[in-house]
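1. Need the 3D shape of this:
(chains A and B)
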Amino acid sequence: MGIRFRFVQDEAIEGIDVIIIAKEKNDEVEALLSKLSSDQNQVVSASTLSQEHNIITEDIISVMRDGRYLTAKTLSGDYIIKDTLAHIEELLDPTWFVKISQSEIINLKYVKRWDFVGSGVVQIEMKNEITCYTSRRYAAYIRKILIKGK
Amino acid sequence: MKHRLITKTLTGLFIGALIGNVVTLLVNYFTEGKWMICMPELIERFGLGGAIALQTLLSGIFGAISLGSMCFHDIDGWNMLRSSIAHCLTILISFIPAGLALYWFSFDISSILIISGVIIICYSIIWLIMYILWKREMREMTILNEEYNKN
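-> Here you go, the predicted model:
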């Protein structure tokens, strides 16, 4: 079966909603979703101490809950995002972004090295000298993603 | 985690009861030369039926605690050393009273120390093997991550 494209005008919608309608969420649908989300260069509003910025989600190395706000570590520095982790997670491309704890998400694209250190903690060395830690349970889950994909 | 705890505890109950009886049977055969499912002192005290029932119950409880407490390893905030110490101590604390009650070893300090030492050494070896395996697994993860990024 082919893929049909059509445009539906709806003045009540802000921005653009791309909806895929299919009988089931199969590999073809997953691939299409992944392709669409990777091509859109999603932007998130963030701030430093003095300025507001729009950061491209692709440039995010990690996002972590930090008190009431989130800290996004990007290729160009750290930013504060005034939003919830759950909402930001929805905006991030699931192909690359994975949760490593209840309060942190990383971008697999910028992982340099996985290691097992100290008294038994999984350490993730990221780009820009960023180091994250995760549990063995999360590491085992991410391993499955790396083998099979999401 | 709750589901895993229940599954492991129930599995441990069954395996513990089975292993407790089988091991005692074999130990008695190789040390006394007789096929006895319980230690002679226990049979003398409770009779054969009572001794088997008590041994099945206590070794089952020991198995349930040992396997159930493996869930310490599932606690996200705990590193492997912390969860291993907690698991090892739980095994020790549950094994010593069960072993004493079932006459697996005698009630004196040297026996208890030897048994504790054996359990700690065995657990340390298992911990070391687990550590090496995780270290190796993380090296593989780095390679997998690189391949994932290429694809």
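
2. Next, please give the residue ranges for the helices of chain B.
-> B:2-32, B:40-68, B:80-101, B:109-150 (DSSP state H).

3. quick one, which of those is nearest to A:Asn26?
-> helix B:109-150 (21.2 Å; C-beta to C-beta). Where C-beta positions appear, they are placed from N, C-alpha and C, glycine not excepted.

4. For A:Leu36, see how far away A:Glu14 is.
-> Separation of A:Glu14 from A:Leu36 (C-beta to C-beta, to the nearest Å): 18 Å.

5. which residues touch the closest residue to A:Cys132 other than its chain neighbours?
-> Spatially, and ignoring its direct neighbours in sequence, A:Cys132 is nearest to A:Ile124 (4.5 Å; C-beta to C-beta, 6 or more residues apart in numbering or on different chains). Contact analysis of A:Ile124 by C-beta atoms under 8 Å, 6 or more residues apart in numbering or on different chains lists A:100, A:106, A:111, A:113-115, A:131-134.

6. pLDDT score assigned to the residue nearest the centre of chain B?
-> The centroid of chain B falls nearest to B:Ser66 when counting by C-alpha atoms, centre = their mean (4.7 Å). According to the per-residue confidence, B:Ser66 scores 95 in pLDDT.

7. Pull the number of nearby residues for the residue in chain B that chain A sits nearest to.
-> As assessed by C-beta to the nearest C-beta, chain A sits closest to B:Met80 within chain B, at 2.3 Å. Residues near B:Met80, counting by other C-beta atoms under 10 Å in any protein chain shown, number 20.

8. Same check on the one 3 residues further on?
-> The tally of other residues near B:Ser83 (other C-beta under 10 Å) stands at 23.

9. wait, what's in contact with it?
-> Here B:Ser83 is in contact with A:120, B:72-73, B:75 (C-beta under 8 Å, 6+ apart).

10. Looking at A:Glu14 and A:Leu36, which one has more neighbours?
-> A:Leu36 (12 against 6).

11. Tell me which residues touch that one, please.
-> A:Val18.

12. now the one 10 residues further on
-> Shown in contact with A:Ala46 (C-beta under 8 Å, 6+ apart): A:52-55, A:72, A:79-81.

13. Now secondary structure too, for these, in a markdown table please.
-> Below are the contacts of A:Ala46 laid out as a markdown table (DSSP: H, G, I helix; E, B strand; the rest coil):
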| residue | secondary structure |
| --- | --- |
| A:Glu52 | strand |
| A:His53 | strand |
| A:Asn54 | strand |
| A:Ile55 | strand |
| A:Ala72 | strand |
| A:Tyr79 | strand |
| A:Ile80 | strand |
| A:Ile81 | strand |
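
14. Could you single out the nearest of those to B:Asn21?
-> A:Ala72 (58.7 Å).

15. can you count the residues close to the closest one?
-> As a burial measure, A:Ala72 scores 25 neighbours (other C-beta under 10 Å).

16. Mind pulling the model confidence for it?
-> On pLDDT, A:Ala72 comes in at 91.

17. Verify the stated contact: it with A:Asp66.
-> No - the criterion here is C-beta atoms under 8 Å, and A:Ala72 misses it with A:Asp66 at 9.8 Å.

18. so which residue of chain A comes closest to chain B?
-> For chain A, C-beta to the nearest C-beta, closest residue to chain B: A:Gly120, 2.3 Å.

19. wait, what's in contact with the residue nearest to that residue when sequence neighbours are not counted?
-> Leaving out its chain neighbours, the residue that sits closest to A:Gly120 by C-beta to C-beta, 6+ apart is B:Met80, at 2.3 Å. By C-beta under 8 Å, 6+ apart, the contact set of B:Met80 is A:119-121, A:136, B:73, B:127, B:130-131, B:134.

20. Number of residues surrounding B:Thr11?
-> 14.

21. Which residue is the nearest non-sequential neighbour of it?
-> B:Leu67 is the one closest to B:Thr11 (C-beta to C-beta, 6+ apart), at 5.8 Å.

22. ok, now how distant is that neighbour from B:Lys8?
-> 5 Å.

23. same deal with A:Phe7?
-> 54 Å.

24. So those two - more neighbours on which side?
-> When A:Phe7 and B:Lys8 are compared for neighbours, B:Lys8 comes out ahead with 19 against 4, by other C-beta under 10 Å.

25. need the contact list for the more buried one.
-> Per C-beta under 8 Å, 6+ apart, neighbours of B:Lys8: B:67-68, B:70-71.

26. For the residue nearest to the centre of chain B, which non-adjacent residue is spatially closest?
-> B:Ile91 (5.1 Å).

27. and if you look at A:Ser135?
-> Nearest to A:Ser135 is B:Asp76, by C-beta to C-beta, 6+ apart, at 4.1 Å.
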